[in-house]
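Visitor: Mind folding the following:
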Amino acid sequence: MLRQRKKDGLWGYLLSAKAKRYLLARYPEDVERYLMGSSSTNLVKSEPDKRLRLHRMSMVWILCRKAGIGIFTHQKPAIPWEMGRATEPGVLWEQSDWAAYYGVAEWKRPEDLEIKGSRACGLLVGNRGYIVYNTMDRLMKWTPKIERNLAGRLEVRIRKCGGTLLTGAVFFGRDMFMLRRLLESEGGIKGNLFSLDDVYEHYYYVPLKVEAWLQLRLLCEDEGNRRLMTFLGEMLKKPQKEEGHLEDGWDRNDRPVYFCYLMDLRKLSRILKRPISRQGNLVCFSYQAQALKEIFPEPFQIQALEPEKTARYLGWKGPQYRK
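Guide: Numbers count the residues shown, from 1 in each chain. You can find the predicted model right below:
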């Protein structure tokens with residue numbers, strides 16, 4: 001039911017007519033918007049840029065599915081502004097494990113011409129909402145005006161129906177070593193590549209690795225993140241009790257401690273710019289540790305948490321338990 005095709009040095013997969021009929025017959029609710037009419041996913045792409053764009057979007061879908069995030073229509077509620085009202089409390093959690101992901105085709109409207117050039121892949125919604133991008137293994141083209149228009153339009157629609165407000169953006173990438181390029185980028189020679197700006201208050205980086213499922217869940221579920229931060233705070237000599245501070249506490253040697261496991265790019269950038277005298281301990285997950293060691297100077301100490309042990313403490317089951 002799948003066919004391979006190669007053009008311009010790029011291999012791709014095509015659904016046969018038999019495969020389309022099978023999917024439309026068995027899973028109409030989930031695939032009609034993608035396999036009917038003139039939708040972009042129902043047309044064969046010849047230009048490499050367009051084919052790679054679909055590939056980037058597919059990588060995010062796959063990781064979200066492995067992490068237990070609802071990606072299919074039957075697994076999640078309709079987008080609140082499409083329903084004309086806010087999602088009722090508890091509905092999201094009943095229809096998907098703990099969060100839902102909506103691809104661009106599910107919320108982009110024909111009148112959204114001003115955001116046509118946006119690099120966004122989709123919208124991730126849990127207790128918090130994020131616009132999602134996939135930078136893969138290179139800096140993506142970035143036009144702040146377009147991305148700001150996108151964020152503004154979604155914010156207006158969400159506010160009208162009383163839904164989960166946008167917290168920021170989640171950037172997916174091929175591996176953890178893309179983190180350095182994102183932090184150090186100044187926009188490239190022409191100034192048209194991504195660099196940290198004020199489009200979003202928070203930018204989070206998540207590698208396209210199965211191990212990152214816990215990081216995704218913590219980004220979406222406030223209660224779990226609070227429990228983990230409280231547990232880590234109990235191990236400190238002096239935990240930070242006030243909000244809005246860069247430090248999350250101080251250890252027994254009065255060195256500042258920073259909880260960095262969510263990979264907030266703006267927070268990491270601010271820590272890097274701190275004077276030498278304020279360097280301290282960075283708390284992260286084990287798959288993030290090596291990348292941080294290569295970015296931060298030696299006076300910093302990296303303390304790595306094991307994702308599996310952390311998940312057991314929170315009472316969460318990882319993707320290896322999911323069917």
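Visitor: Strands of this structure, residue ranges please.
Guide: 2-7, 10-15, 100-103, 122-125, 129-136, 166-173, 203-207, 238-239, 249-250, 256-259, 281-285, 301-305 (DSSP state E).
Visitor: Could you tell me the average pLDDT over the third one, please?
Guide: Strand 100-103 carries an average pLDDT of 91.
Visitor: likewise stretch 47-54?
Guide: For stretch 47-54, mean pLDDT is 82.
Visitor: Report the buried residues of that stretch.
Guide: Neighbour counts over stretch 47-54 (16 or more other C-beta atoms under 10 Å) mark 51, 53 as buried. From N, CA and C alone the C-beta is placed, and that goes for glycine too.
Visitor: ditto for stretch 144-160
Guide: Buried residues in stretch 144-160, counted by 16+ other C-beta under 10 Å: 146-151, 153-154, 157-158.
Visitor: Please produce CSV containing those, extended by pLDDT and distance to residue 56.
Guide: Shown next, in CSV, are those (pLDDT from 0 to 100; distance: C-beta to C-beta, whole Å):
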residue, pLDDT, distance to residue 56
146, 92, 17
147, 94, 16
148, 93, 21
149, 90, 21
150, 91, 16
151, 91, 19
153, 86, 21
154, 87, 19
157, 82, 24
158, 79, 24
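Visitor: Could you report the neighbour count for residue 37?
Guide: Residues lying near residue 37 (other C-beta atoms under 10 Å) number 9.
Visitor: what separates residue 280 from residue 265, distance-wise?
Guide: With the distance defined as C-beta to C-beta, to the nearest Å, residue 280 ends up 19 Å from residue 265.
Visitor: If you could redo that for residue 273, that was the one I meant.
Guide: Applying C-beta to C-beta to residue 273 and residue 265 gives a distance of 13 Å.
Visitor: The two: which is more packed in?
Guide: residue 265 (19 against 7).
Visitor: In space, what's closest to the more buried one - neighbours in sequence excluded?
Guide: residue 203 (4.2 Å; C-beta to C-beta, 6 or more residues apart in numbering).
Visitor: one step back: now tabulate the strands of the chain in CSV and tack on mean neighbour count.
Guide: Shown next, in CSV, are the strands of the chain (neighbours: other C-beta atoms under 10 Å):
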stretch, mean neighbour count
strand 2-7, 10
strand 10-15, 13
strand 100-103, 24
strand 122-125, 24
strand 129-136, 22
strand 166-173, 23
strand 203-207, 23
strand 238-239, 15
strand 249-250, 20
strand 256-259, 22
strand 281-285, 22
strand 301-305, 17
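Visitor: Quick one, which of these gets closest to residue 185.
Guide: Smallest distance to residue 185 across the strands of the chain (C-beta to C-beta): 10.1 Å, for strand 129-136.
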